[in-house]
Structure formats: C-alpha cells, structure tokens
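Colleague: my questions concern the predicted model and sequence given below.
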Amino acid sequence: MKANVSEPTSWQRVLNIEIPEDELQALAEQKQQKYRKQIRIPGFRKGKVPVDVVKSRYGPAIRAEAVEDLIQKSYEQACKDNSIIPISEARISDLKADQTGPVTFTVETEVDPPVEIKGYHKLKARPNPRKIKPAEVDNALEELRNRLADVTDVDRPAKNGDLLTIEYVSVSIDGEPRSDFKNPQYPIELGAGKIKDFDKGFAGHTAGETVDIKVKFPKDYAEKSVAGKTGQFQIKINKVQEKILPEIDDAFLKKVGDFADEAALRQNIQADLERQEMERAKNEAYNKAIELLIKNNPFDVPQSRVEAYIDHMTEEAAKYRRDGQPAPGREAIAAQYREMAVKGIKRYRIIDFVARAESIKATQDEVDARIRQMAQMYNQDFDQLKTALRQNGTTNRIRADIREQKTLDFLVGELDPSAQ
C-alpha cells in the first residue's frame, strides 16, 4: 500500500492511497476459498465446488468485497503510519477499482490541529472581588425572612408585596390569540416582576375579579416570541394573600441554622455573600484569561467540531421547546451559536494544553470528596454511589470537571501545581 498525505488546511488531511494488484488478488483468493466451503451449487457437494466455478459465478462480487475491505484497512493503516487521528467520517472519492490493476482512491478527513499555547504564565487576569456592604447583608436577611414568611388570605384590594394566584382567561399577542400561555404554578408577588404593566393592572383589585391588562414587552425580553410586542391579557385573580414576615427571635434563629443570636446569623450571611462574590470574581477572571489566550494564540477549529456542536444545540432546542411553539431550525441555531461553538472548542483545547503542560489532574481524594458531596445531597451511601458512578462512566466526567476547574484556577493564580 502507498499513501501520500496533503494538508489543505491545518485541520484537513487528504490521503491518496494505492493498493497493489497482488494484495487485492491475494485477499480475493482467500475469500474465494472461504466461499467455496460455504456455497451450495447443484451437482456439487458442499465444500467441493471447484474454485474455477466459484470464480466464474461470483468473481466480480468477491473482488468488490475485497476492495471494500482493503479500502477500510488501508485507510486505517495510512492514518496510523502518518499519525493521523480522524475526528470526522472519511469521505472517499476518485475510486478506481477495475477488474485488473491496482486500486486507487482519495480520502478526506479532519483532525484537531496541533496547538501551542504561549504566555499563560503571565496573564493579567486575577479575581478582584468587591467588598460586601452592610446593606447587602440587610437585604439578604430580609429575603430570608420573606422565604420563611407565613401567608394568609385577605379580602381587600391587592397591594405590592401580596401574593396573587391567577389564571389566564384569554391572551392575544399583537392581536393574534395565543393558547400556549400556561397558568403560573405558584403565586406571583405583586411588585416583584419585571413587567410593571402587570403590577399596575393587578394593584387595587380583589380575589374573584377578572382584569384586562395591556402589556408592552421589552425588546430584549427573554421569551423571544413576545419580545417587543404588545399583549392583551384577560386574567382572573383567584386569591390574594398577605405575607407575614417572622420576627428575628430564638425560634427563627433555630429554624434557619441554630444560631446563637442575630449577630451570628449576620456573620454567616456575610461569609456566604463573600463566597458568592469570590465565585463571581473568579468566573470573571476565568473568562478574561481564556479570552486573552484565544487572542494571543490563534489556531483553527475543524468544521466538524463546530457542526457537531450545532447539531447538539439543535437537539436541545427541540427537546426543550415551549408547548405549541415550533423548534428553531438548524439554520437559525447555527447563526446564533456558531461563534459560541468556536469559542467553546478553543476554550477546551487551551485548558487541555495547559493541564497537560503543567501536569494538572484530579486526585483520587478530590474525586472522592466530590462523590461524597453528591452522596450527602441525595442521601445515598457513599460506597454504593461511587461504584455506580464508576460503572456508568460518570467518574470520568467528575475527573474532567475537577481537572478543568484546577486548570482555570492555575491560570488566574489560584493554584500552585507543585503543591498538588
């Protein structure tokens, strides 16, 4: 077998392969002997059919089968000989397989191009958490009281802070009736929503009333099907409830964590907010570090990787589409997510390069700690869960997640690999 390899781009490989006639003939003869023992032809005992008869009747078909086998075998061998690791299906063209002479064909495939990431030791990307203000602790404590508030039905006009249980009687968007709006599963808090037209429409009305509300949705509204449009809603108020906030007394402190006093609770809230802020600052630093490395280390991304990402997003969009709404087509998904796909793939390759270069990996203790957290969360036995995760492959994903997290920490100065 002969194979010549060319590289039109950093991620494309084109193999021109030639299989000698004697190699093809040898395999065809092996197959003739195999079929000679298996086929049945009137006038001959099984296994005693002459080779000439087999060749006369089945020669072209046997040769075609041999050609097919050798194409796959020679392609795999050519990849091995030339250190090619395909990431896409092989595309075969220009096949020449006459009844005599060598077989020649061309194979196109894609590979992950080699990358060399430089400058990752000198990144100016460090977490910069802001200081938590006393007012933020006050707000968090108030939110905690709201979550633990008791509610009671009231027979008065609704006001801000009340909880309303509602149902849609009719809905139209830009004059077209819509039946896909589902009634809220939980009560809504008056004054807490992003659409103030709803708050104005509900305020001052009591349980049992049906109100007509006109809503102008913002252009950047999350639900794209109504963003920037005008809605006309007829809504029945089934219930108005008032929230009664708990006092910060011994019973409350015990319920939320058995704290000695309000100061201890506030200290705990302060620490939790600081952890959240550090997490935000680290994520911001991670993104900055990756953006800098992408900018300073340009490399190509194979098209098959991008298309696979878009295929996945198309499947996800179809899976989680809203009832009654058609899923966006692949073309729309591609337009929306192609750039994200390229960045995501580059991010993965950068992290993988740095992790390999710095020998960053997940230790068994770290994996066990993650599994132990999961066991506690789901109230499962640690050893049983660990065995199950190992068997279904989840342990490998846990290792990959930890490796990625540690690599990102290294890039922003939060990890010393030598201390692992």
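Modeller: That came through fine.

Colleague: now do the residue nearest to N4 when sequence neighbours are not counted, the pLDDT please.
Modeller: Leaving aside its sequence neighbours, N4 sits nearest to N16 (CB to CB, 6 or more residues apart in numbering; 4.6 Å). In this view, the C-beta of every residue, glycine as well, is placed from N, C-alpha and C. At N16, the pLDDT value in this model is 97.

Colleague: could you measure from N16 over to S56?
Modeller: Distance check for N16 against S56: by CB to CB, to the nearest Å, it reads 34 Å.

Colleague: those two: who's more crowded?
Modeller: N16 (15 against 9; other CB atoms under 10 Å).

Colleague: what about that one, which SS state?
Modeller: Taking DSSP: H, G, I helix; E, B strand; the rest coil as the rule, one finds N16 in the strand state.

Colleague: hmm, M1 and it touching each other?
Modeller: No: counting by CB atoms under 8 Å, M1 is not a contact partner of N16; they are 11.4 Å apart.

Colleague: toward the C-terminus from the strand or helix carrying L144, list the very next helix or strand.
Modeller: Following DSSP states H and E, one finds L144 within helix 134-147. Remark: after helix 134-147, the chain's next helix or strand is strand 150-153, criterion DSSP H and E.

Colleague: ranges for the strands of this structure?
Modeller: 2-6, 12-19, 91-96, 103-110, 150-153, 163-173, 176-177, 188-189, 210-216, 230-244 (DSSP state E).

Colleague: where in the chain is pLDDT low?
Modeller: For the chain, applying pLDDT under 70 flags the ranges 38-39, 43, 45, 47-48, 54, 323-324, 417-420.

Colleague: other SSEs contacting the longest helix belonging to it?
Modeller: Of all the segments of type helix in the chain, defined by DSSP state H, the longest one is helix 262-296. Applying 3 or more CB pairs under 8 Å, 6 or more residues apart in numbering; DSSP states H and E, one finds that helix 262-296 makes contact with helix 134-147, helix 250-256, helix 330-357, helix 394-411.

Colleague: want to throw those into JSON lines with distance to K214?
Modeller: JSON lines is the format used below for the helices and strands packed on helix 262-296 (distance: least, CB to CB, whole Å):
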{"stretch": "helix 134-147", "distance to K214": "29"}
{"stretch": "helix 250-256", "distance to K214": "42"}
{"stretch": "helix 330-357", "distance to K214": "30"}
{"stretch": "helix 394-411", "distance to K214": "47"}
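
Colleague: nearest to V171, of those?
Modeller: helix 330-357 (24.7 Å; CB to CB).

Colleague: and that closest one, what's buried?
Modeller: 330, 333-334, 337, 341-342, 344-347, 349-355 (16 or more other CB atoms under 10 Å).

Colleague: distance check, D250 against A140.
Modeller: 20 Å.

Colleague: which of the two has more neighbours?
Modeller: A140 (17 against 11).

Colleague: contacting residues for the residue nearest to N4?
Modeller: A3, N4, V5, S6, T104, F105, T106 (CB atoms under 8 Å, 6 or more residues apart in numbering).

Colleague: hang on, isn't the first one packed against I19?
Modeller: Read that as A3. No: A3 is beyond contact range of I19, at 9.9 Å (criterion: CB under 8 Å).

Colleague: who has more neighbours, those two?
Modeller: Ranked by neighbour count (other CB under 10 Å), A3 and I19 place I19 first, with 22 against 18.

Colleague: how far away is the nearest residue to the more buried one once chain neighbours are set aside from N16?
Modeller: In space, I19 comes closest to V103 once its chain neighbours are excluded; the distance is 4.2 Å by CB to CB, 6+ apart. Using CB to CB, we find V103 at a distance of 12 Å from N16.
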